[in-house]
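>>> using only what follows, build the 3D model:
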Amino acid sequence: MGVVLDDEIASRLKRDADGLICAVIQDLHTNEVLMVGWMDDEALARTLDTGRVTFWSRSRQQYWRKGDTSGHAQFLQNVSIDCDGDALVLQVFQVGAACHTGARSCFQAGGLLPYGGAEAAAMAYNTIIDAGGDVDDSPR
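Numbers count the residues shown, from 1 in each chain. Prediction:
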């Protein structure tokens, strides 16, 4: 076994049946979601130890460090564990593309919802008002 995950961190994680946890990779500066990968305890420990994001490949059944082949590395800046302990958000400094297609992000914009920014904001506003809530709409 390689690097061992700190017991305090390990105790907070809820893994799936394969011992994996979802890792959402987010750009530190823009908050854009770049990709999603999977980590086991060793992949997370390697990431925390080296500052370079390491994943567990479910298809290849091996560790891989983002950028070792492509040069498009991810340098860890911050890690958050969600309230249930079953997902991580890793904020990174991304060098080059995050997606294997060459795109900056694996998530491509648009097309899935019939409404967008202004409509979504109006829907949220109306939902809050209908529920008897108060909205602070003063200029910032």
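
>>> residue 84 contacts residue 12, doesn't it?
No - taking CB atoms under 8 Å as the definition, residue 84 is not a contact partner of residue 12, at 10.1 Å. Bear in mind the C-beta positions are built from the backbone N, C-alpha and C, glycine included.

>>> ranges for the strands of this structure?
All strands of the chain, identified by DSSP state E, fall at 21-27, 33-39, 54-57, 62-65, 74-81, 87-94.

>>> so which of these gets nearest residue 126?
Closest approach to residue 126 among these (CB to CB): strand 33-39, 26.6 Å.

>>> ok, back up a step: turn the strands of the chain into CSV, including mean neighbour count, distance to residue 47 and mean pLDDT.
Below are the strands of the chain laid out as CSV (neighbours: other CB atoms under 10 Å; distance: least, CB to CB, whole Å; pLDDT from 0 to 100):
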stretch, mean neighbour count, distance to residue 47, mean pLDDT
strand 21-27, 19, 8, 96
strand 33-39, 20, 7, 96
strand 54-57, 21, 5, 96
strand 62-65, 14, 9, 94
strand 74-81, 16, 6, 94
strand 87-94, 19, 7, 95
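
>>> could you redo those strands as TSV and give each row distance to residue 7?
Below are the strands of the chain laid out as TSV (distance: least, CB to CB, whole Å):
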stretch	distance to residue 7
strand 21-27	16
strand 33-39	17
strand 54-57	20
strand 62-65	21
strand 74-81	14
strand 87-94	17
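
>>> out of those, flag the one nearest residue 107.
Closest to residue 107 of those, according to CB to CB: strand 33-39, at 5.6 Å.

>>> the residue nearest the centre of the chain pairs with what?
Centroid-nearest residue in the chain: residue 24, 1.4 Å away (criterion: CA atoms, centre = their mean). Beta-bridge pairing of residue 24 under DSSP bridges involves residue 36, residue 89.
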